[in-house]
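[1] Take this sequence and fold it.
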Amino acid sequence: MSLQMEACLQQWHDVVKHQDMALLNDILADEVEFHSPTVWKPKEGKQITAYILKTVMGIFQDFTYHRQFISGNSVVLEFSAMVAGKNIKGIDMIRWNEQGKIEHFEVMLRPLNGLQAMLEIMTADLQKAGFVPKD
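    This next block holds a predicted model:
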């Protein structure tokens, strides 16, 4: 792993460990693309991505990273957590640009009941914040 990649990954772990939203804002590229496990179309931009990640950090309980797989400027991080009393497993797929900013973030979750719980909570929160229309 390159020193730059090591530093980028450490910053991400610091964001998660300390829920450091100022650092998160610093490490997201302006044009970051966020792929949610609950919607097909990616969300684009720093503001919505930071909001989603902040919200998720507040929803997840007992969040733990278990393994990491690194290739070039990309990493896959396996995690587990609890959402609304349901155990979930997932992966974060993160890619950094040449400036050390996160340009792509994709999340996958299982099982279905945990994903559904996450969808309900996130949809309500994003609607309240005005990022997605109410049904």
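[2] centroid residue for this structure?
    The centre of the chain sits closest to residue 53, judged by Cα atoms, centre = their mean, with a distance of 5.0 Å.
[3] buried stuff in the lowest-mean-pLDDT helix or strand in the chain?
    Using mean pLDDT, DSSP states H and E, helix 112-129 stands out as the lowest-scoring helix or strand of the chain, at a mean of 89. Within helix 112-129, the residues that count as buried by 16 or more other Cβ atoms under 10 Å are 114-115, 117-119, 121-122, 125-126. (Glycine included, C-beta is placed from N, CA and C.)
[4] sorry, back to before: if I pick the residue nearest to the centre of the chain, what's in contact with it?
    15, 24, 34, 105 (Cβ atoms under 8 Å, 6 or more residues apart in numbering).
[5] Restricted to helices, list those residues.
    Judged by DSSP state H, the subset of the contacts of residue 53 located in helices is 15, 24.
[6] just to revisit the earlier point, in the helix or strand hosting the residue nearest to the centre of the chain, which of the residues would be classed as buried?
    Per DSSP states H and E: residue 53 is located in helix 46-59. For helix 46-59, the neighbour count (16+ other Cβ under 10 Å) marks 46, 48-53, 55-57, 59 as buried.
[7] Equivalent analysis for stretch 81-95, please.
    Of the residues in stretch 81-95, 81, 83, 88, 90-92, 94-95 count as buried by neighbour count, 16+ other Cβ under 10 Å.
[8] now swap in stretch 11-21 and tell me
    For stretch 11-21, burial by neighbour count (16+ other Cβ under 10 Å) applies to 11-12, 15-16.
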